[in-house]
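**Q** Take a look and give me a structure for this.
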Amino acid sequence: MSRLEVRDLTVGYEGAPVLHGVDVEVPERELLAIVGPSGCGKTTLLRTIAGLLRARSGEIRIGLRMVTTHGIHLAPEKRRIGWVPQDAALFPHLTVAENVAFGMLAGRGSSRAARRAAGSDEVRRLLDLVDLGPLAARQPGQLSGGQAQRVALARALASGPELVLLDEPFGALDPMLRAELRASVRELLRAEGVTGILVTHDQAEALSIADRVAVMRGGQVLQLGTPEEVYRSPATPWVAGFVGDAVFLTGVLHGDEVVTGLGRMRAVPAADASGQAPADGSEVTVLVRPEEVRVRRADAPSVATPADEVELDGIVTEVEYTGHDAMLVVALADGQRLRARVTASGLVPRGSEVRVSIAGPVLAYAPATD
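**A** Numbering: from 1, shown residues only. This is a model prediction of the structure:
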């Protein structure tokens with residue numbers, strides 16, 4: 001079993017706390033992606049799980065083994081954890097095969113032992129697994145960035161780990177290679193039946209390949225859930241704005257509807273951390289995703305809309321074209337601006353007069369204090 005459980009974890013440097021009561025669970029064979037702004041504690045959490053940092057309090061359990069708790073700090077080499085850093089960190093004096101073989105020694109071997117093990121069936125299997133079998137005799141300096149990261153992954157898997165930690169392993173790669181490699185990593189972890197944790201600054205990356213996503217801020221986990229839960233039902237307005245594009249409106253909640261400057265919309269009251277939802281009749285912050293903003297040319301035939309859905313006049317002031325879709329910025333008559341995501345076929349040129357509406361239901365939060 002390789003389930004990871006982190007309970008009430010507190011970690012600090014030189015007296016200053018960095019992690020505050022962090023709770024994380026990763027079921028066996030799943031990949032957790034951790035996202036958050038710089039300095040939020042992502043890498044500190046990863047290093048503490050690996051045993052490179054001591055916790056002030058809390059527990060870490062990997063499978064059936066307690067590796068961190070009061071009075072217990074299992075050494076990193078005894079935790080059965082594989083590590084894939086951002087820069088691959090291959091040994092320059094060892095070949096590709098020897099680097100992978102070194103991983104099999106779990107930190108207890110030498111360069112000489114790695115050279116002896118480089119021709120083993122297991123090393124050949126791992127290199128074939130990452131599609132680098134023909135490059136076994138190459139030196140690290142002869143590899144591309146993507147190839148080096150594949151070697152680092154094979155080396156991390158060589159020791160038969162229960163858990164693999166990936167610390168922004170795709171950060172230095174170009175976008176096309178990054179997309180290709182992250183898909184390969186997901187497939188490899190599943191094939192090997194290994195639980196994984198990926199730290200990344202790329203929210204789209206986290207949502208696209210992870211089974212679960214943890215959003216961190218200020219040394220705490222604000223939300224942990226499936227990618228769909230985190231995107232569709234963010235715990236706070238801050239989480240909503242961090243994991244995707246968001247439009248925020250103010251309004252007043254009335255039952256299952258909210259009245260805003262854009263009209264009356266169907267709404268779902270969102271509970272806060274204590275489980276309390278905004279009260280009926282109270283002012284709320286309304287989350288609208290850009291893909292929920294409907295846009296049509298003012299001179300286009302009207303389409304059937306719900307009776308309570310209001311269309312407002314506006315002008316397209318900006319177009320951010322990405323090929324498969326585009327983001328429009330629409331200036332309304334009252335000066336408010338909305339961001340709307342449209343498909344390539346629904347692209348409207350800058351300067352066009354349009355009509356916009358919101359496709360609910362929307363989430364309604366108590367006014368944000370963060």
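
**Q** And the strands in the stretch 201-350 of the chain?
**A** 212-217, 220-225, 247-254, 257-260, 263-269, 283-288, 293-297, 312-321, 325-332, 337-343 (DSSP state E, counting those that start in this stretch).

**Q** would you turn the ones you listed into JSON lines with mean pLDDT, mean neighbour count and distance to Gln147?
**A** Bear in mind the C-beta positions are built from the backbone N, C-alpha and C, glycine included. Output for the strands of the stretch 201-350 of the chain, formatted as JSON lines (pLDDT from 0 to 100; neighbours: other CB atoms under 10 Å; distance: least, CB to CB, whole Å):
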{"stretch": "strand 212-217", "mean pLDDT": "97", "mean neighbour count": "24", "distance to Gln147": "28"}
{"stretch": "strand 220-225", "mean pLDDT": "96", "mean neighbour count": "19", "distance to Gln147": "33"}
{"stretch": "strand 247-254", "mean pLDDT": "93", "mean neighbour count": "17", "distance to Gln147": "42"}
{"stretch": "strand 257-260", "mean pLDDT": "92", "mean neighbour count": "20", "distance to Gln147": "52"}
{"stretch": "strand 263-269", "mean pLDDT": "89", "mean neighbour count": "19", "distance to Gln147": "47"}
{"stretch": "strand 283-288", "mean pLDDT": "94", "mean neighbour count": "22", "distance to Gln147": "42"}
{"stretch": "strand 293-297", "mean pLDDT": "91", "mean neighbour count": "18", "distance to Gln147": "43"}
{"stretch": "strand 312-321", "mean pLDDT": "93", "mean neighbour count": "15", "distance to Gln147": "33"}
{"stretch": "strand 325-332", "mean pLDDT": "94", "mean neighbour count": "18", "distance to Gln147": "32"}
{"stretch": "strand 337-343", "mean pLDDT": "92", "mean neighbour count": "18", "distance to Gln147": "35"}
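
**Q** what would these look like in a markdown table with distance to Arg190?
**A** Shown next, in a markdown table, are the strands of the stretch 201-350 of the chain (distance: least, CB to CB, whole Å):
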| stretch | distance to Arg190 |
| --- | --- |
| strand 212-217 | 14 |
| strand 220-225 | 20 |
| strand 247-254 | 36 |
| strand 257-260 | 42 |
| strand 263-269 | 34 |
| strand 283-288 | 33 |
| strand 293-297 | 36 |
| strand 312-321 | 34 |
| strand 325-332 | 29 |
| strand 337-343 | 31 |
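
**Q** wait, which of these is closest to Thr10?
**A** strand 220-225 (10.6 Å; CB to CB).

**Q** Residues touching that closest one, excluding its own?
**A** 19-25, 32, 41, 212-216, 229-230, 233-236, 238-239 (CB atoms under 8 Å, 6 or more residues apart in numbering).

**Q** tilt between that strand and strand 212-217?
**A** 160 degrees (axes from the mean of the first three to the mean of the last three CA atoms, to 10 degrees).

**Q** so what strands line up beside strand 220-225?
**A** Paired with strand 220-225 in the same sheet, following DSSP bridges, are strand 212-217 (antiparallel).

**Q** Can you give the contact residues for the partner strand?
**A** Counting by CB under 8 Å, 6+ apart, 24, 26, 30-37, 40-42, 45, 206-207, 221-227, 230, 235, 238-239, 242-243 sit against strand 212-217.

**Q** what about the helices in the protein?
**A** Using DSSP state H, the helices of the chain run over residues 42-50, 96-104, 111-117, 121-129, 145-157, 175-192, 203-209, 227-232, 237-243.

**Q** how about a markdown table for the ones you listed, with distance to Asp87, mean pLDDT and mean neighbour count added?
**A** Shown next, in a markdown table, are the helices of the chain (distance: least, CB to CB, whole Å; pLDDT from 0 to 100; neighbours: other CB atoms under 10 Å):
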| stretch | distance to Asp87 | mean pLDDT | mean neighbour count |
| --- | --- | --- | --- |
| helix 42-50 | 14 | 95 | 22 |
| helix 96-104 | 14 | 91 | 26 |
| helix 111-117 | 20 | 85 | 15 |
| helix 121-129 | 20 | 91 | 17 |
| helix 145-157 | 8 | 90 | 24 |
| helix 175-192 | 14 | 82 | 16 |
| helix 203-209 | 18 | 91 | 18 |
| helix 227-232 | 27 | 95 | 17 |
| helix 237-243 | 26 | 94 | 21 |
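
**Q** Turn these into TSV, including distance to Thr69.
**A** Putting these into TSV (distance: least, CB to CB, whole Å) gives the following:
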stretch	distance to Thr69
helix 42-50	12
helix 96-104	28
helix 111-117	33
helix 121-129	33
helix 145-157	25
helix 175-192	27
helix 203-209	29
helix 227-232	29
helix 237-243	30
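
**Q** So which of the ones you listed is nearest Glu291?
**A** helix 227-232 (10.7 Å).

**Q** hmm, back to that, quick one, which of the strands of the stretch 201-350 of the chain is nearest to Leu143?
**A** Among these, strand 212-217 sits nearest to Leu143 (CB to CB), with 30.7 Å.

**Q** okay, the angle between that closest one and helix 42-50?
**A** Using the same axes, to 10 degrees, the inter-axis angle of strand 212-217 relative to helix 42-50 is 120 degrees.

**Q** how far is strand 212-217 from where the chain is centred?
**A** 7 Å (CA atoms, centre = their mean, to the nearest Å).

**Q** Stretch 337-354 too?
**A** 28 Å.

**Q** And for stretch 312-326?
**A** 26 Å.

**Q** Then stretch 294-304?
**A** 36 Å.

**Q** Contacts for that stretch, please.
**A** With CB under 8 Å, 6+ apart as the criterion, stretch 294-304 contacts 311, 313, 316, 328, 330, 340, 342, 346, 348, 352-359.
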